[in-house]
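Q: When you get a sec, could you give me coordinates for this:
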Amino acid sequence: MAPFNPPAKKSRLSKTALLCAVALPALLALTPVAAKTLVYCSEGSPENFYPGINTTGTSFDANSQIYSRLVDFERGGTAVVPGLAERWTVSPDGKEYTFFLRKGVKWHSNKNFKPTRDMNADDIIFAIERQWKESNPYFKVTSANHSYFGDMGMDKLIKSVDKLDDMTLKITLNKPDAPFLSGWAMEYAGVQSKEYADAMLKAGTPEKIDQEPIGSGPFYLVQYQKDAIIRYKAFPEYYAGKAKIDDLVFAITPDASVRWAKLQKGECHVMPYPNPADLDAIRKDAKVTLLEQPGLNIGYLAYNTTKKPFDDVRVRKAINMAINKQAIIDAVYLSSGVAAKNPIPPTQWSYNNAIKDDPFDPVAAQKMLTAAGFPNGFSTDLWAMPVQRPYNPNAKRIAELMQADLAKIGVKAEIKSFEWGEYRKRMQAGEHQMGMLGWTGDNGDPDNFLHTLLGCDAAKSNGSNVAKFCFQPFEDLVLKAKTISNPAERSKLYEQAQVIFKEQAPWFTIAHAVQLKPIRKEVIDFRLSPFGRHSFYGVDIKE
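A: All right, here's what the predicted structure looks like:
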């Protein structure tokens with residue numbers, strides 16, 4: 001997941017508090033505590049605590065504990081269930097959604113703010129208008145890059161949002177949109193308190209709502225130290241009932257081998273993104289359960305289709321044929337990945353299995369480069385992600401394998417990388433010629449891949465379409481599919497769109513990863529999310 005969000009500012013902590021925070025995971029393994037504490041060895045620091053400008057799983061995981069949404073996905077599934085809205089109706093023409101809000105939803109509080117009212121329609125409208133209307137005083141606070149809202153075309157789709165009364169609102173669309181409802185269960189749609197926002201604006205510190213968050217979710221933030229720790233406590237007044245655990249700790253641990261060592265020692269209970277090389281040992285550990293299921297994801301190399309020579313489809317096809325995909329999977333993914341030929345995973349409905357992948361054929365690749373006017377090859381950059389993801393366990397190694405393959409057809413690729421936030425920011429700005437990225441689905445709908453990653457709306461600067469691919473025949477199919485409610489008809493359009501994708505080759509599709517999650521045996525009822533999220537409401541731990 002791609003777009004850039006500015007790094008979160010460091011919390012002001014005393015040295016004593018910081019030492020306690022960093023030492024906490026180790027102490028938990030040694031010291032019995034009365035409260036039930038679960039430690040999650042997360043892979044990185046969130047960029048901020050405002051989900052509306054985030055698109056990375058790291059930030060979503062940190063945010064989703066705090067906020068509630070209008071609707072939700074069922075635990076471990078893709079079905080949309082009530083959230084802050086306890087029910088809703090849709091007009092026969094599919095353009096009007098009326099949401100009836102849940103009464104008695106309480107807000108968290110902190111040292112700067114104590115709420116005087118429960119959640120109501122004003123909060124939902126604030127959450128929408130903050131991302132939608134440039135006139136909103138919070139539109140540019142922290143960042144004006146509301147990536148999901150824009151990439152999904154919500155800014156053009158929504159016609160009006162009307163408060164019918166304190167607990168009822170109506171959203172009117174300009175046209176029917178099949179993925180609309182599931183879109184509001186996604187992380188970017190987390191609802192903040194308008195009363196808190198107004199208070200901080202009046203105090204001259206509007207940025208505090210994103211740094212010291214207040215939500216209505218199952219956990220509230222206690223402490224954050226960048227690159228070290230996030231501490232949460234269960235919110236006793238959460239509308240669905242208090243969480244089963246009392247304290248939740250994110251021990252920020254970027255190295256997968258260190259995460260695994262901590263899990264073995266009992267210093268953490270759940271870890272993401274294990275090293276493929278560690279899987280045999282993980283499977284043999286009697287104190288650990290390895291949860292696994294097919295992943296709703298894709299790892300890819302994007303060609304910047306607006307830059308020479310990648311504006312020529314023949315060059316893109318030549319590169320596709322020059323890279324040995326199976327060798328990459330064998331060397332890097334081991335047993336945790338399958339070769340990708342389409343921009344959506346095989347587990348996604350509408351997957352077109354009839355499509356044939358580009359063959360590994362360096363001779364044919366050389367001929368196509370010659371036909372495109374590059375008989376001696378050319379020089380290019382090749383951007384490699386600085387972080388590990390399921391869809392890309394080791395981007396540097398993959399880049400080296402690609403570099404060696406490309407050299408054989410005369411293409412000299414210089415490997416580049418940057419800090420993760422900077423990497424995404426620069427790729428979204430289109431600075432690269434070729435760059436690796438990936439995506440894990442957010443709502444179970446093909447639109448979330450085909451439109452969000454490859455549509456013209458998302459090809460703008462700062463959008464998730466880092467190939468800057470805007471091809472009208474593809475766009476027409478994807479936009480038409482959004483307006484149809486019949487899944488079979490939508491599926492036919494998406495299958496055609498995948499054919500065009502393969503012909504135009506804006507990406508070299510690398511792999512789909514199996515989702516793997518090692519957890520300690522004492523963890524009860526942790527469920528894998530099809531979207532790769534880590535949510536701890538409903539999870540318990542044996543004392």
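Q: Tell me the confidence at the nearest residue to N465 once chain neighbours are set aside?
A: Among residues not flanking N465 along the chain, A458 sits closest, at 3.7 Å (C-beta to C-beta, 6 or more residues apart in numbering). (Glycine included, C-beta is placed from N, CA and C.) As summarised for this prediction, A458 has a pLDDT of 92.
Q: Please name the residues that touch A458.
A: 150-151, 451-452, 464-465 (C-beta atoms under 8 Å, 6 or more residues apart in numbering).
Q: what about stretch 162-179, start to end distance?
A: From the first residue to the last, stretch 162-179 extends over 21 Å; the measure is C-alpha to C-alpha, to the nearest Å.
Q: and what of stretch 425-435?
A: Termini of stretch 425-435 sit 12 Å apart (C-alpha to C-alpha).
Q: I would like the residues contacting it, please.
A: Residues contacting stretch 425-435 (C-beta under 8 Å, 6+ apart): 2-4, 301-304, 306-307, 310, 319, 380-383, 413, 416, 418, 437, 461-464, 466, 468.
Q: what about 7 Å?
A: 2-4, 301-304, 306-307, 310, 380-383, 418, 437, 461-463, 466, 468 (C-beta atoms under 7 Å, 6 or more residues apart in numbering).
Q: Buried ones among these?
A: 2-4, 301-304, 307, 310, 380, 382-383, 418, 437, 462-463, 466, 468 (16 or more other C-beta atoms under 10 Å).
Q: The residue nearest to N465 should be in a helix, yeah?
A: Yes. According to DSSP: H, G, I helix; E, B strand; the rest coil, A458 belongs to a helix.
Q: Tell me the helices and strands packed up against the biggest helix by length in the chain.
A: For the chain, the longest helix by residue count, based on DSSP state H, is helix 487-504. On a contact count with 3 or more C-beta pairs under 7 Å, 6 or more residues apart in numbering; DSSP states H and E, helix 487-504 meets helix 472-482.
Q: Just want the angle from the longest helix of the chain to helix 472-482.
A: 160 degrees (axes from the mean of the first three to the mean of the last three C-alpha atoms, to 10 degrees).
Q: residues in contact with the nearest residue to G57 once chain neighbours are set aside?
A: Leaving aside its chain neighbours, G57 sits nearest to G532 (5.7 Å; criterion: C-beta to C-beta, 6+ apart). G532 sits next to 57, 295, 297, 390, 440, 515 when contact means C-beta under 7 Å, 6+ apart.
Q: So which of the contacts of A458 sit within helices?
A: Using DSSP H, these in helices are 150-151.
Q: Including pLDDT and distance to Y239, could the contacts of A458 go into TSV?
A: As requested, the contacts of A458 are exported to TSV (pLDDT from 0 to 100; distance: C-beta to C-beta, whole Å):
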residue	pLDDT	distance to Y239
G150	86	30
D151	81	30
H451	94	32
T452	92	30
S464	92	32
N465	96	37
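Q: Now distance to L169 and neighbour count too, for the contacts of A458, in JSON lines please.
A: Listed next are these as JSON lines, based on distance: C-beta to C-beta, whole Å; neighbours: other C-beta atoms under 10 Å:
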{"residue": "G150", "distance to L169": "22", "neighbour count": "22"}
{"residue": "D151", "distance to L169": "24", "neighbour count": "26"}
{"residue": "H451", "distance to L169": "25", "neighbour count": "27"}
{"residue": "T452", "distance to L169": "25", "neighbour count": "30"}
{"residue": "S464", "distance to L169": "28", "neighbour count": "27"}
{"residue": "N465", "distance to L169": "31", "neighbour count": "24"}
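Q: so which two of the contacts of A458 are the farthest from each other?
A: Within these, G150 and H451 form the most distant pair, 11.8 Å apart (C-beta to C-beta).
Q: Not counting residues beside it along the chain, what's closest to M402?
A: I323 (5.4 Å).
Q: Surely the one you found and A404 touch.
A: No. Counting by C-beta atoms under 7 Å, A404 is not a contact partner of I323; they are 9.7 Å apart.
Q: quick one: which of those two has more around it?
A: Taking other C-beta atoms under 10 Å, I323 and A404 do not tie; I323 has more neighbours (23 against 13).
Q: the strands in the stretch 151-300 of the chain, which residues?
A: For the stretch 151-300 of the chain, strands defined by DSSP state E, counting those that start in this stretch occupy the ranges 158-165, 168-173, 219-225, 229-234, 247-251, 288-294, 297-303.
Q: Tell me which of those strands is the most buried.
A: Neighbour counts (mean count of other C-beta atoms under 10 Å) averaged over each of the strands of the stretch 151-300 of the chain peak at strand 297-303, with a mean of 27.
Q: so what does whichever helix or strand comes after it touch, helix or strand wise?
A: Counting by DSSP states H and E, the next helix or strand C-terminal to strand 297-303 is helix 313-322. Judged by 3+ C-beta pairs under 7 Å, 6+ apart, the packing partners of helix 313-322 are helix 362-371, helix 395-407.
Q: Am I right that H108 is in contact with V222?
A: No. Using C-beta under 7 Å, H108 is not in contact with V222; the gap is 10.5 Å.
Q: List the residues that contact Q131.
A: 52, 146, 149.
Q: My guess is the second one contacts I53. True?
A: Yes. H146 lies in contact with I53 (C-beta under 7 Å); the separation is 6.0 Å.
Q: more neighbours, the two?
A: I53 (25 against 21).
Q: for the more buried one, what are its contacts?
A: 5, 142-143, 145-147.
Q: Going by neighbour count, which of those are buried?
A: Buried among the contacts of I53 by 16+ other C-beta under 10 Å: 5, 142-143, 145-147.
Q: Which of these fall within helices?
A: S147.
Q: Between the buried ones among the contacts of I53, which sits nearest K233?
A: Among the buried ones among the contacts of I53, and counting by C-beta to C-beta, the member closest to K233 is T142, at 24.3 Å.
Q: How about that closest one, nearest residue that isn't a chain neighbour?
A: D210 (4.5 Å).
Q: Give me the neighbour count for the one you found.
A: D210 has 26 nearby residues by other C-beta under 10 Å.
Q: what's the pLDDT at it?
A: 96.
Q: ok, now E47?
A: Confidence score, pLDDT, at E47: 88.
Q: thinking it is in contact with D61, fair?
A: No. E47 lies out of contact with D61 (C-beta under 7 Å); the separation is 11.8 Å.
Q: Could you check which of the two has the larger neighbour count?
A: Neighbours per residue (other C-beta under 10 Å) separate E47 from D61, with E47 holding more: 27 against 24.
Q: That one should be in a strand, yeah?
A: No. Applying three-state DSSP, one finds E47 to be coil, outside a strand.
Q: From Y224, how far out is it?
A: Noted for E47: a distance of 12 Å to Y224, by C-beta to C-beta, to the nearest Å.
Q: Then G441?
A: G441 is 28 Å from Y224, by C-beta to C-beta.
Q: Enumerate every residue touching H512.
A: 295, 297-298, 337-338, 340, 345-346.
Q: before we move on, what about M200?
A: Here M200 is in contact with 206, 208-209 (C-beta under 7 Å, 6+ apart).
Q: Tell me the most packed of those residues, by neighbour count.
A: Most surrounded of those: other C-beta under 10 Å gives I209, at 26 neighbours.
Q: need the contact list for that residue.
A: Per C-beta under 7 Å, 6+ apart, neighbours of I209: 192, 196-197, 200.
Q: can you put these in CSV and add distance to H269 and pLDDT?
A: CSV is the format used below for the contacts of I209 (distance: C-beta to C-beta, whole Å; pLDDT from 0 to 100):
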residue, distance to H269, pLDDT
Q192, 29, 98
Y196, 32, 98
A197, 35, 98
M200, 35, 97
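Q: Relative to A372, which of those residues is nearest.
A: Q192 (50.3 Å).
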